[in-house]
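[1] predicted model and sequence below, questions to follow.
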Amino acid sequence: MRILVTGATGTVGRHVVAQLLGAGHHVRALSRTPAAARLPAGVEVVAGDLTDVATLDAAFAGVEAVHLITFGGDGDLANGAEIVALAERHGIARATVLGGWEPTSVESALAASAIGWTQVRPGEFMGNALEWAEEIRSRRTVSMHATFASAVVHEADIAAVAATALTHAGHEGRSYPVTGPEALTPAQRTRVLAEATGQDIEFVHLDQEQERARLRGFGYDEDYVEFGIQLATNPPEVADVVLPTVEEVTGTPARTFAQWAQEHAAQFRATR
């Protein structure tokens, strides 16, 4: 198949590209800066910006399926109807969309279209732990207020669900919530990272004022700081729910956080 991947240089998109390429498909990757895309040899990288449909005609031409994201620029895409209309004009029959928990213009447009589409809804990314890397390298601690367990999911598993839905019939009209195989607290993930890196790493539980100070230290505005406090104290009810989606869709068990930690261990090791 000839497949277009939007968001191709993102955390999930790179895995989608690699997995489709590895399965023998012709992969066209959309990038606002093709020269900086750093995608594998054999990938057709084309220029385009999802926020400007006028730049997308060549990218959508001649492909049979498309992997879509719902965000661009500084927020959710507002031009989903235009993007989906372009896909329909080019005869694209199948799509996947990396969605969230709230409907977006892309998903609404797909629902009203003739395209057979699948929504992939991941929980918390395992890669969010990379936000801890600088603190671990410098102080060998992970400091935060949140203590709730989360069924964090490997980005490659999110991609695998999308790649399967793009290349196999029977997934049209489905919405797939995707989680990892276990729910882990930040303290438990800290211990996994300690084992993977061969370092002593301590989890430090912050009170709310300390957490506010930590978030402000990243340059976040007060609205985001308070959002972070609310998330830490009132996590989503589904945060710790483990689902079998990855294995049911792909036939392969979901990757563990321990596996992710081994893959990224070098990013957490102190350089001194």
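    Right, received. Where do you want to start?
[2] so Gly13 touches Thr6, yeah?
    Yes - shown here, Gly13 and Thr6 form a contact pair, counting by CB atoms under 8 Å, at 7.4 Å. In short, each C-beta sits where N, CA and C put it, glycine included.
[3] overlap in contacts of these two?
    Residues touching both Gly13 and Thr6 by CB atoms under 8 Å, 6 or more residues apart in numbering: 67, 69.
[4] who's more crowded, those two?
    With neighbours defined as other CB atoms under 10 Å, Gly13 and Thr6 compare such that Thr6 has more, 27 against 24.
[5] which residues touch that one?
    By CB under 8 Å, 6+ apart, the contact set of Thr6 is 13, 30, 50, 66-69.
[6] most neighbours, which of those?
    His67 (30 neighbours).
[7] am I right that it is in a strand?
    Yes - the assignment for His67 is a strand, going by DSSP: H, G, I helix; E, B strand; the rest coil.
[8] residues touching it, list them.
    Contacts of His67 by CB under 8 Å, 6+ apart are 3-7, 13, 16, 95-98, 162, 166.
[9] how about the secondary structure of the residue nearest to Glu88 when sequence neighbours are not counted?
    Excluding its sequence neighbours, the residue lying closest to Glu88 (CB to CB, 6 or more residues apart in numbering) is Ser113, at 5.8 Å. Under three-state DSSP, the three-state class of Ser113 is coil.
[10] burial count for Ser113?
    16.
[11] need the contact list for it.
    Ser113 is in contact with 84, 87-88, counting by CB under 8 Å, 6+ apart.
[12] what of His25?
    By CB under 8 Å, 6+ apart, the contact list for His25 reads 1-3, 167.
[13] got it, and Glu82?
    Val53.
[14] shift numbering so it begins at 8
    Okay, using 8 as the starting number, the last item reads as Glu89.
[15] now the helix or strand where it lies: buried residues?
    Assessed by DSSP states H and E, Glu89 sits inside helix 87-96. By 16 or more other CB atoms under 10 Å, the buried positions in helix 87-96 come out as 87-91, 93-95.
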